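**Q** Next input, structure requested:
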Amino acid sequence: MQALTVTIRIFPAQPDILRHLGKEYIRVVNLLTEQAEQLRSFPKTTTKNVETILPSAVCNQSIRDAKSVFRKSKKLGGRPILKKPVYFVNNQNYTVSENTVAFPIVVDGKTKKTAFRATMTSRDRELLCKGKFGLMRIMEKSGKWYAQISVEVPTSVTINENVMGIDLGLKVPAVAVTSTGKTCFFGKGRQNKYIRRKHQQRRRQLGKLKKLSAIRKLGNKEQRWMKDQNHKISRQIVNTAIQEGVSIIKLERLENIRKTSRTSR
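**A** Coordinates of the predicted model:
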């Protein structure tokens, strides 16, 4: 089996309701992880113990997400605080048809399974017909709404498709290899390290002078530069995939990549 994500554009008539529910979802997750951090363990929690306007099925999912976030925070040594509104629905509580996606929301204080008009590609329809549905995430990006559905499909469904694998590193930020054997290198690792060293040295100098505002500005400048580099690399990868007729891009897992980058010489 192969796990894929199908992205479907949806058109909510009242987007403010979804925005409000998305903010409520992350509020519940942050609240539960904060309580677990204070208790040093995640307590036995049900929907009866959580005060929220979320539908019970979605509230259950937020509890599962909070447990997952808390487990990860113990490994990383710090509790992450979610900020971006999001709304997760498990596969038992949503349905997908040819032109609609339906899932429970709260309207006027009552939970109602609501169908939203949707558009999807023919390939996405084929994957949804042949695959096993997983978790669905409702999100907003640049004023547009999307339903991202995790789907497990048999490997045979995509065996004839051209696949690109992406390997991330430090000396070379990204290496792409297609199933046809073409290899491409993206980014300049030495340049990235130089920029990081340059800003680190500058922060050290400003720290001795106790110029805290200047340090904050410098940190934001470095973040913006790195974000711009990552964006350019991702765009180059996508353009290469289009040129080579790639239909699937597989990315390596990024666990502990920050720790690796700190210890690398």
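**Q** rest of the way, CA atoms for contacts and neighbours
**A** Fine.
**Q** Tell me how far the closest residue to residue 154 other than its chain neighbours lies from residue 130.
**A** In space, and not counting its chain neighbours, residue 154 is closest to residue 1: 4.5 Å by C-alpha to C-alpha, 6 or more residues apart in numbering. According to C-alpha to C-alpha, to the nearest Å, residue 1 and residue 130 sit 11 Å apart.
**Q** Need the overlap of contacts for these two.
**A** Common neighbours of residue 1 and residue 130 (criterion: C-alpha atoms under 8 Å, 6 or more residues apart in numbering): 153, 154.
**Q** And this protein, what are its domain boundaries?
**A** 2-157, 163-263 (automatic domain parsing).
**Q** ok, and the closest non-adjacent residue to residue 164?
**A** For residue 164, ignoring the flanking residues on the chain, the nearest one in space by C-alpha to C-alpha, 6+ apart is residue 178 at 4.2 Å.
**Q** whoops, residue 130 was the one
**A** Closest to residue 130 by C-alpha to C-alpha, 6+ apart is residue 153, at 6.4 Å.
**Q** three-state assignment of residue 146?
**A** When classified by DSSP: H, G, I helix; E, B strand; the rest coil, residue 146 comes out as strand.
**Q** ok so, going back, how close does the residue nearest to residue 164 get to residue 141?
**A** Residue 178 sits 29 Å away from residue 141, going by C-alpha to C-alpha.
**Q** now swap in residue 66 and tell me
**A** 23 Å.
**Q** the more surrounded of the two?
**A** residue 66 (22 against 7; other C-alpha atoms under 10 Å).
**Q** Quickly find the element holding that one.
**A** helix 56-76 (DSSP states H and E).
**Q** Can I get that helix as PDB, trimmed to CA atoms?
**A** In PDB, the C-alpha atoms belonging to helix 56-76 read as follows (Å, rounded to 0.1, in the frame of the first residue of the first chain):
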ATOM      1  CA  SER A  56     -18.300  15.400  19.300                       C
ATOM      2  CA  ALA A  57     -16.600  13.400  16.500                       C
ATOM      3  CA  VAL A  58     -14.300  16.300  15.800                       C
ATOM      4  CA  CYS A  59     -13.600  16.900  19.500                       C
ATOM      5  CA  ASN A  60     -12.600  13.200  19.800                       C
ATOM      6  CA  GLN A  61     -10.100  13.800  17.000                       C
ATOM      7  CA  SER A  62      -8.700  16.900  18.700                       C
ATOM      8  CA  ILE A  63      -8.100  14.800  21.800                       C
ATOM      9  CA  ARG A  64      -6.200  12.200  19.800                       C
ATOM     10  CA  ASP A  65      -4.200  15.000  18.100                       C
ATOM     11  CA  ALA A  66      -3.400  16.500  21.500                       C
ATOM     12  CA  LYS A  67      -2.100  13.100  22.700                       C
ATOM     13  CA  SER A  68       0.100  12.900  19.700                       C
ATOM     14  CA  VAL A  69       1.500  16.400  20.100                       C
ATOM     15  CA  PHE A  70       2.200  15.700  23.800                       C
ATOM     16  CA  ARG A  71       4.100  12.600  23.000                       C
ATOM     17  CA  LYS A  72       6.200  14.400  20.500                       C
ATOM     18  CA  SER A  73       6.800  17.300  22.900                       C
ATOM     19  CA  LYS A  74       8.300  14.900  25.400                       C
ATOM     20  CA  LYS A  75      10.800  13.700  22.800                       C
ATOM     21  CA  LEU A  76      11.700  17.200  21.600                       C
END
